[in-house]
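Asks: Here is my input, please return the structure:
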Amino acid sequence: MIEQKMNIYTSQKRLQNLLNAKFEMQKNIQPILLSEPESIKTAYEKFFNILDEIIEQETKYLNEL
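Replies: Okay, the predicted model is just below:
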C-alpha cells in the first residue's frame, strides 16, 4: 500500500515537472522560433512531439496505478 502511494506520488511529480518544463520552454521558445529557418522549427516540433509522447506515457502509467 505504501509502495503504491509512493509510486503515485513520484509519477505525479514527474508529470508535473514534465508539464512545467514543456510550458516554460514553449513560452520562451515560441517568440524566438518565428524568425528561425524552417529546419529549426521542425526540429523543435519533433522535440515537443516526443515530449508529448513522454507525458502521455506518464499519464497512462499514473492512471494504471
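
Asks: Tell me which stretches of the chain form helices.
Replies: Read by DSSP state H, the chain holds these helices, from start to end of the chain: 2-33, 38-64.

Asks: Please produce a markdown table containing those, extended by mean pLDDT and mean neighbour count.
Replies: From N, CA and C alone the C-beta is placed, and that goes for glycine too. Shown next, in a markdown table, are the helices of the chain (pLDDT from 0 to 100; neighbours: other CB atoms under 10 Å):
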| stretch | mean pLDDT | mean neighbour count |
| --- | --- | --- |
| helix 2-33 | 94 | 12 |
| helix 38-64 | 95 | 12 |
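
Asks: Contact partners for the closest residue to Ile40 other than its chain neighbours?
Replies: With sequence-adjacent residues excluded and distances taken as CB to CB, 6 or more residues apart in numbering, Ile40 is closest to Leu33, at 7.1 Å. The contact partners of Leu33, by CB atoms under 8 Å, 6 or more residues apart in numbering, come to 40-41, 44.

Asks: Show me which of these is closest to Ser11.
Replies: Comparing the contacts of Leu33 against Ser11 with CB to CB picks out Tyr44 as the nearest, at 26.6 Å.
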